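Student: starting from these lines, generate the structure:
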Amino acid sequence: KFMMLGGIVFVVSLFLIGQTTDLLTIAILKIISGVASALVFILILIYSLRLVKDKPERKIGAFGSVYNLGWVVGLSGLFLIGILYTVYPVKATFYLILAVGIIWILLMFRFAKHYESPISAKLSFSHLKKIPALIVFKSMDLAMFSAFIFYLIYSSTTNTTLTLPNITLLVIVETLLFAVSIYIVGRLSTPLLRRYWVPLCITFHLLAAVTMLFAV
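Tutor: Just a heads-up that it's a prediction; the model follows:
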């Protein structure tokens, strides 16, 4: 139920972004969509992939890699949105997000409803209390990705070479590298190394943020 609710909030908040021009409202909706997306992803990890007992690092790393490769498909839609934007108002193009989002939610409901776990995975406080901290980490990741996009868009206003196709290509390359890095981490990770991945990830995020700030 939380996964479905998070999916609905994620899709609706993204759709509403295209229905307003108020910067504060857009920022609030982006935060809500980021938290909702993080909630869905973390719930999948906790209540599904926690059942993986054999080499969990490798299997969860492979899952994360495939999951993030889905962004490449979504980013390819930037070309379609760019074409639609030249023909239709910006609000109309966001109906595409709403349509795709509804299909995604229906598919998620269809498969989640009929999923039968071979191991009992009842709701427990010990796992539920881990969600807020994990959401913070995942939201930070999504925030950095959004900042990366905003930085490219900002740079495109002063750099004529950063056209929509070039920006899309850069983001696709970044996403591919991110997916590959997740897979490599999953292959290299061991129970002894788990505690170091999050601090290392935060360090890289901070270095990326400082780099973009000084580059602006």
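Student: give the buried residues for stretch 180-196.
Tutor: For stretch 180-196, a neighbour-count test (16 or more other C-beta atoms under 10 Å) marks 181-183, 185-186, 189 as buried. Every C-beta, even on glycine, is put in place using the N, C-alpha and C of the backbone.
Student: spatially central residue in this structure, please.
Tutor: For the chain, the residue sitting closest to the mean C-alpha position, by C-alpha atoms, centre = their mean, is Leu142 at 5.6 Å.
Student: that one contacts Leu39, doesn't it?
Tutor: No. In this structure Leu142 lies outside contact range of Leu39 using C-beta atoms under 8 Å: 11.1 Å.
Student: so Leu192, which of the three states?
Tutor: Assigned with DSSP: H, G, I helix; E, B strand; the rest coil, Leu192 falls in the coil class.
Student: quick one, grab the pLDDT at it.
Tutor: What the model reports for Leu192 is a pLDDT of 79.
Student: identify the residues contacting it.
Tutor: When the contact criterion is C-beta atoms under 8 Å, 6 or more residues apart in numbering, Leu192 has no partners at all.
Student: shaky segments in the protein?
Tutor: Counting by pLDDT under 70, the chain contains low-confidence residues at 47-51, 74-91, 113-131, 159-165, 216.
Student: in which helix or strand does the residue nearest to the centre of the chain reside?
Tutor: helix 131-156 (DSSP states H and E).
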